[in-house]
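> model this:
(chains A and B)
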Amino acid sequence: GEDVEQSLFLSVREGDSSVINCTYTDSSSTYLYWYKQEPGAGLQLLTYIFSNMDMKQDQRLTVLLNKKDKHLSLRIADTQTGDSAIYFCAEKAAGNKLTFGGGTRVLVKP
Amino acid sequence: DTAVSQTPKYLVTQMGNDKSIKCEQNLGHDTMYWYKQDSKKFLKIMFSYNNKELIINETVPNRFSPKSPDKAHLNLHINSLELGDSAVYFCASSQKTGGTYEQYFGPGTRLTVT
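Numbers count the residues shown, from 1 in each chain, chains lettered A, B, ... in the order given. From the prediction side, this is the model:
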């Protein structure tokens, strides 16, 4: 079955690194995504990783994938106040369907 | 130059009414989606259309009926609105590009049923 889980909340100081974790259950997932949702806005695609990769880096963002444990993480380096938002991981299953986690609310404190 | 747009942004209506939400994308994508986000921010897919054909239809009450007049538009009509329909509804679109299927989301329509 498909189930994606995330921790609910993360508080981090400005300038520190944030690590947001996600676990998924569908071993047939081909792509995994990270989306960002700011208050009152839609979801913005941040990055994605193909299931045969272990790591992907994109500027301040680093995605790590442990396929054996079905664990995905997003690291944000040098976290800024503008990074405060809800972050969703999502897995792509059959039929282009995305299954989303419940979202992690990140609060960046000055 | 908005990529995925939705109207209206806010919709307040009474129980029992019928309402529609419109979605348009100018990205040239061939697949469009409707998602529902509840008050706890949980996001769940409702429908997906590919080239005007319904390809995903999750367990959604049949009061919800999507309509896709062309590849660039996917509208959502809701009959006999109930209190539990209050949520934010997001439209999204995607296109297979190099094997990936990134979905691009609209700004959302906040529906409040009183």
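
> Quickly find the element holding residue 90.
Defaulting to chain A. Assigned by DSSP states H and E, A:A90 belongs to strand A:85-92.

> The intended chain is chain B.
Short version, using DSSP H and E: B:F90 is in strand B:87-94.

> The helix or strand just after that strand close to chain A?
Going down the chain from strand B:87-94, the next helix or strand is strand B:103-105, by DSSP H and E. Yes - using CB under 8 Å from any CB of the partner chain, strand B:103-105 reaches chain A at B:Q103, B:Y104, B:F105. All C-beta atoms are positioned from the backbone trio N, CA, C, and that covers glycine.

> pLDDT on stretch B:81-91, on average?
Confidence for stretch B:81-91, expressed as mean pLDDT, is 96.

> who's in contact with that stretch?
A:42-43, B:4, B:6, B:13-19, B:21, B:23, B:25, B:32-39, B:43, B:63, B:74, B:76, B:78, B:105-106, B:108-114 (CB atoms under 8 Å, 6 or more residues apart in numbering or on different chains).

> Among those residues, name the ones in strands.
A:43, B:4, B:6, B:13, B:19, B:21, B:23, B:25, B:32-37, B:43, B:74, B:76, B:78, B:105, B:109-113 (DSSP state E).

> Check chain B and tell me which residue is nearest its centre.
B:W34 (2.9 Å; CA atoms, centre = their mean).

> Perfect, that will be all.
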